[in-house]
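1. The following comprises the amino acid sequence and a computationally predicted model.
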4 protein chains.
Amino acid sequence: MDEFEIERLDEATLDAPVLVEGLPGVGHVGKLAAEHLLEEFDATLVARLYSEHFPPQVTVEDGRSQLACLEFHAVPETDMLVLTGDHQAQDTVGHYRLTDRILDVAAEHGVERVFALGGVPTGELIEEYGVIAAASDDGLRDELDPLVEFREDEPAGGIVGVSGLLLGLGERRDLPAACLMGETSGYLVDPKSARAVLEVLQTILDFDVGYDSLEERAEEMEEVVKKIQEMEQGQAPSDDDLRYIG
Amino acid sequence: MDEFEIERLDEATLDAPVLVEGLPGVGHVGKLAAEHLLEEFDATLVARLYSEHFPPQVTVEDGRSQLACLEFHAVPETDMLVLTGDHQAQDTVGHYRLTDRILDVAAEHGVERVFALGGVPTGELIEEYGVIAAASDDGLRDELDPLVEFREDEPAGGIVGVSGLLLGLGERRDLPAACLMGETSGYLVDPKSARAVLEVLQTILDFDVGYDSLEERAEEMEEVVKKIQEMEQGQAPSDDDLRYIG
Amino acid sequence: MDEFEIERLDEATLDAPVLVEGLPGVGHVGKLAAEHLLEEFDATLVARLYSEHFPPQVTVEDGRSQLACLEFHAVPETDMLVLTGDHQAQDTVGHYRLTDRILDVAAEHGVERVFALGGVPTGELIEEYGVIAAASDDGLRDELDPLVEFREDEPAGGIVGVSGLLLGLGERRDLPAACLMGETSGYLVDPKSARAVLEVLQTILDFDVGYDSLEERAEEMEEVVKKIQEMEQGQAPSDDDLRYIG
Amino acid sequence: MDEFEIERLDEATLDAPVLVEGLPGVGHVGKLAAEHLLEEFDATLVARLYSEHFPPQVTVEDGRSQLACLEFHAVPETDMLVLTGDHQAQDTVGHYRLTDRILDVAAEHGVERVFALGGVPTGELIEEYGVIAAASDDGLRDELDPLVEFREDEPAGGIVGVSGLLLGLGERRDLPAACLMGETSGYLVDPKSARAVLEVLQTILDFDVGYDSLEERAEEMEEVVKKIQEMEQGQAPSDDDLRYIG
């Protein structure tokens, strides 16, 4: 296996598509959001990306192994190329090179803009879900301005990992990229934050999507939050409750 | 020394052989199982694999040094190529490249299928020893089905290291591979788990092997478990007892 | 992106310039000192240096992203090429290669000498601010002798990171280099130490610079020190106070 | 700078020389022993070895910087090439490649055998100082047999770092290599252990050397040991005392 391997599985015709990235991160917000799009729309798995920079492992589902990889799905209804997966690169130079390969695959599919989805940790449970943003060029920044918050000091420490590098390396390729980050406590997998991010995305890209399944997960999460609060007063959580600890 | 060096020590004629891997891992189950095969059958050391990705060290036995390596033994009686050793690669890209070199050596010997042996930690001492499995293709999965358990959520976190990559990279070479994992506490070197795994392997590959030496080690382990329980009530273990802590 | 990318943004004419380095380190002394020079003099951003050895991230300012990089500013008034940034390389070989690229950019601009600015930790709050030094050749050492302290056992452990390698690799290129290190507690971002270092530099390089803004920051820092001492007697610090913890 | 740079500083004529290695390790035994040889005999610095695998730093002595390196001294009186330094490689592959470069320099000087000097930790303060050994070939093992101890289970965990790899990679080049390890507590820099190792070496290589300076350091160390014992009964050690903590 080479440093990177791209397994091309299917064709898809997308019109001036957008790359939507949802890899694991704070609160798994980006991951939940991207996976929700794949549940709600018809999606075709078009490519898998393998790398010796990923953790050396296979995941197992129903007895079948799958080598660590990222997946690209084409969603024709919304002209999206959606990137999901369970891993980030395990070493510094690997992050840069991985993101360059992701942008190569995006270029092959004619991607014209990139949206990286993620979370920004507040450090505490919240009621209102703002979405902050960053963009790699002024044009995209202006387009986002009415829909998101640009905060002077956030995200503190910048944006780390593939999401940040999609902006940094996208800019070097004249490919406009933005990162949408939903506020989240950082302690839980957060479906409400994922919804907040998707609501901004659907306005920018002008598509409709339902939120029933995310809403269900949000209600489950509220139950867990209640139990955490009860736990802090003495009662132990069940395994089901623990499923939401991100 | 190059990134990998293969030292070819002897020839062996194997018929449609199987690669059996037993490197260090959970409970040392795979290592014990593979070493048991080498004790019970006539085996010829056919190759050593060195790498700058291994820990920078030599082991010492009776005053003679041996550079860190993996060993391939040919077992003609059962048409196996058995892989043993004391090390996994020390860095991420090293794991992927090491496993590719292992599969190259296997290909040189005409290997047609791969069995990676290991343990899956239960987190507690157990009485019954189940064996769970994963396979890189459907054919091999179906063949294993009556003999093992395929559990939906296990192994949690997938299969890490050479064992997992033998499945992931084997699949890329159209080389069917399976991982057999014996349940084990994870706290002790576990000869009972090694036996459970070998019993599945001997059914799949249709060979006979005795278990007396593993049985002796199992009895010693039970003594240690008893002493741990006594220890938790106040008595200190001897050095002999501690030999079984994996 | 290659291992290193140099983005050339502007031209500048410098006469027999000096490279002045102020990357993050102990007490942020070098960083404060270099940034102070850029505030006090007209400076032109001439180049950015990107690398896959930097943390995989973008910083965000007012909604615009900037890929991790180092910056070179030309300061014609003092014939300096000033190097600033927020990152050191993240791996060992990266440090050596990064410093070689920095020296390449310096050579492009005709740099004849190098001054690395930093701090040496005393481990306690201090009143007097000495400056110790090290040089890569005897000529430069003799020139510094009346202005700094050369202490037999300091800095203990040598000089680590880009500052140290500018001396080590500068020597290999026959480029005289010195490191000026202001004493500092190591617990705080230290504007007084930065001033002490700049006062030595201005004598060596014969330039004038005001210190009002550094003085303001020094007064703020003294307030923080007072509050830390009060805190040790029971009162909690505000967020403003915490701004000075380096 | 390349991955490795060899700076050749002087010539020396050695007859069938031996490489004697004393890099930092357990109790600094090897380092003390090698440095003692350089104090007692006329020695010429013949080469420095630099590497991007070393810590990215310079050491500073009397205001002059020196880039991290290993040093080779020729000692004609005993036909030795003595290797000293303050660093081991900082990453796994670096260790292997560094040791190969060391053996290249040794080969340039016609080295016929290698002696790596080090310590083996006992975990407690000791009265008698045994020397255990390992060799890369049987001939050298037999030669050492009357002078050292070959213990079945020691050193536990093998020999790590350059010392171990000199045996492992020396064997691959048909260059006989042995490691002599003096017993030491592991808590202190140990001149007594260094002396024990040198006494074995002088018998093997048939040379004479005085031990006065090592004896002085040994007496200082005994004072420290006494103070540690007193400390455990309540009295604090001075900085001088702490000099011996390795």
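-> That came through fine.

2. Now residue A:118: closest residue in space, sequence neighbours ignored.
-> residue A:30 (4.2 Å; C-beta to C-beta, 6 or more residues apart in numbering or on different chains). (C-beta placed from N, C-alpha, C; glycine too.)

3. is it fair to say residue A:115 lies in a strand?
-> Yes. Under DSSP: H, G, I helix; E, B strand; the rest coil, residue A:115 sits within a strand.

4. Give the full set of residues in contact with it.
-> The neighbours of residue A:115, taking C-beta atoms under 8 Å, 6 or more residues apart in numbering or on different chains as the test, are A:18-21, A:177-180, A:201, A:204-205.

5. and if you look at residue A:183?
-> Per C-beta under 8 Å, 6+ apart, neighbours of residue A:183: A:119-120, A:122, A:126, A:128-132, A:193, A:196.

6. which residue packs closest to it, ignoring adjacent ones?
-> Distances taken as C-beta to C-beta, 6+ apart put residue A:130 closest to residue A:183, at 5.0 Å, once the chain neighbours are dropped.

7. I'd assumed residue A:150 was in contact with that neighbour.
-> No. Contact criterion C-beta atoms under 8 Å: residue A:130 and residue A:150 do not qualify, at 11.2 Å.

8. related to what we said a few turns ago, could you list which residues are in contact with the residue nearest to residue A:118?
-> The contact partners of residue A:30, by C-beta under 8 Å, 6+ apart, come to A:21-24, A:116-119, A:163, A:194, A:197.

9. mind listing what's buried in the longest helix seen in chain A?
-> Scanning chain A for the helix with the most residues, using DSSP state H, yields helix A:212-231. For helix A:212-231, the neighbour count (16 or more other C-beta atoms under 10 Å in any protein chain shown) marks A:214, A:217-218, A:221, A:224-225, A:227-228 as buried.

10. restrict the residues you listed to contacts with chain D.
-> Among these, proximity to chain D is found for none (C-beta under 8 Å from any C-beta of the partner chain).

11. got TSV for those, with pLDDT and distance to residue B:42 too?
-> Below are the buried residues of helix A:212-231 laid out as TSV (pLDDT from 0 to 100; distance: C-beta to C-beta, whole Å):
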residue	pLDDT	distance to residue B:42
A:214	90	61
A:217	84	58
A:218	84	63
A:221	81	60
A:224	81	58
A:225	79	63
A:227	82	60
A:228	76	60
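
12. In a markdown table: these, plus distance to residue C:142.
-> As requested, these are exported to a markdown table (distance: C-beta to C-beta, whole Å):
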| residue | distance to residue C:142 |
| --- | --- |
| A:214 | 71 |
| A:217 | 71 |
| A:218 | 71 |
| A:221 | 69 |
| A:224 | 69 |
| A:225 | 68 |
| A:227 | 72 |
| A:228 | 67 |
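
13. ok, now which ones touch the residue in chain A that chain D sits nearest to?
-> Closest contact between chain A and chain D, by C-beta to the nearest C-beta, is at residue A:91 (11.0 Å). Residue A:91 makes contact with A:53, B:91-93, C:91, according to C-beta under 8 Å, 6+ apart.

14. Kindly recompute the last result at 7 Å.
-> A:53, B:92 (C-beta atoms under 7 Å, 6 or more residues apart in numbering or on different chains).

15. quick one: whichever strand or helix holds residue A:33 to helix A:212-231, angle?
-> Element membership for residue A:33 (DSSP states H and E) is helix A:29-40. In terms of direction (axes from the mean of the first three to the mean of the last three C-alpha atoms, to 10 degrees), helix A:29-40 departs from helix A:212-231 by 140 degrees.

16. Export the contacts of residue A:183 as JSON lines, with columns for pLDDT and distance to residue A:143.
-> As requested, the contacts of residue A:183 are arranged in JSON lines below (pLDDT from 0 to 100; distance: C-beta to C-beta, whole Å):
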{"residue": "A:119", "pLDDT": "95", "distance to residue A:143": "22"}
{"residue": "A:120", "pLDDT": "94", "distance to residue A:143": "20"}
{"residue": "A:122", "pLDDT": "88", "distance to residue A:143": "26"}
{"residue": "A:126", "pLDDT": "83", "distance to residue A:143": "26"}
{"residue": "A:128", "pLDDT": "88", "distance to residue A:143": "24"}
{"residue": "A:129", "pLDDT": "91", "distance to residue A:143": "21"}
{"residue": "A:130", "pLDDT": "92", "distance to residue A:143": "18"}
{"residue": "A:131", "pLDDT": "95", "distance to residue A:143": "14"}
{"residue": "A:132", "pLDDT": "93", "distance to residue A:143": "15"}
{"residue": "A:193", "pLDDT": "95", "distance to residue A:143": "22"}
{"residue": "A:196", "pLDDT": "96", "distance to residue A:143": "18"}
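
17. Go through those residues and give me the one with the most neighbours.
-> The most neighbours of any of the contacts of residue A:183, using other C-beta atoms under 10 Å in any protein chain shown, belong to residue A:193, which has 33 neighbours.

18. Now it. Nearest residue, chain neighbours left out?
-> Residue A:193 sits nearest to residue A:182 (C-beta to C-beta, 6+ apart), 3.5 Å away.

19. Looks to me like that neighbour is in a strand.
-> Yes. Residue A:182: assigned to a strand according to three-state DSSP.

20. thinking again about what came up before, just the buried positions in the helix holding residue A:33, please.
-> Residues A:29-38, A:40 are the ones in helix A:29-40 that count as buried (16+ other C-beta under 10 Å).

21. average pLDDT for that helix?
-> Mean per-residue pLDDT for helix A:29-40: 96.

22. List the buried residues in the helix or strand following it.
-> Note on helix A:29-40: by DSSP H and E, the next helix or strand toward the C-terminus is strand A:44-51. The neighbour-count check on strand A:44-51 (16+ other C-beta under 10 Å) flags A:46-51 as buried.

23. Could you list which residues are in contact with residue A:129?
-> By C-beta under 7 Å, 6+ apart, the neighbours of residue A:129 are A:182-183, A:192-193, A:196.

24. Just the element for the nearest residue to it once chain neighbours are set aside, please.
-> Nearest non-adjacent residue to residue A:129, counting by C-beta to C-beta, 6+ apart: residue A:196, 3.9 Å away. Per DSSP H and E: residue A:196 is located in helix A:191-205.

25. Report all helices and strands that that helix contacts.
-> Using 3 or more C-beta pairs under 7 Å, 6 or more residues apart in numbering or on different chains; DSSP states H and E as the contact test, the elements touching helix A:191-205 are helix A:29-40, strand A:113-121, strand A:131-135, strand A:177-184, helix A:212-231.

26. If we use 8 Å, what do you get?
-> helix A:29-40, strand A:113-121, strand A:131-135, helix A:138-144, strand A:177-184, helix A:212-231 (3 or more C-beta pairs under 8 Å, 6 or more residues apart in numbering or on different chains; DSSP states H and E).

27. can you dump the C-alpha coordinates of that helix into PDB?
-> Below are the C-alpha coordinates for helix A:191-205, written out as PDB (Å, rounded to 0.1, in the frame of the first residue of the first chain):
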ATOM      1  CA  PRO A 191     -27.200  16.500  18.000                       C
ATOM      2  CA  LYS A 192     -28.600  19.900  18.800                       C
ATOM      3  CA  SER A 193     -25.300  21.500  17.800                       C
ATOM      4  CA  ALA A 194     -25.200  19.400  14.600                       C
ATOM      5  CA  ARG A 195     -28.700  20.700  13.800                       C
ATOM      6  CA  ALA A 196     -27.700  24.300  14.300                       C
ATOM      7  CA  VAL A 197     -24.800  23.900  11.900                       C
ATOM      8  CA  LEU A 198     -27.000  22.200   9.300                       C
ATOM      9  CA  GLU A 199     -29.500  25.000   9.500                       C
ATOM     10  CA  VAL A 200     -26.800  27.500   8.500                       C
ATOM     11  CA  LEU A 201     -25.600  25.200   5.800                       C
ATOM     12  CA  GLN A 202     -29.100  24.700   4.300                       C
ATOM     13  CA  THR A 203     -29.500  28.500   4.100                       C
ATOM     14  CA  ILE A 204     -26.100  29.000   2.400                       C
ATOM     15  CA  LEU A 205     -26.600  26.100  -0.100                       C
END
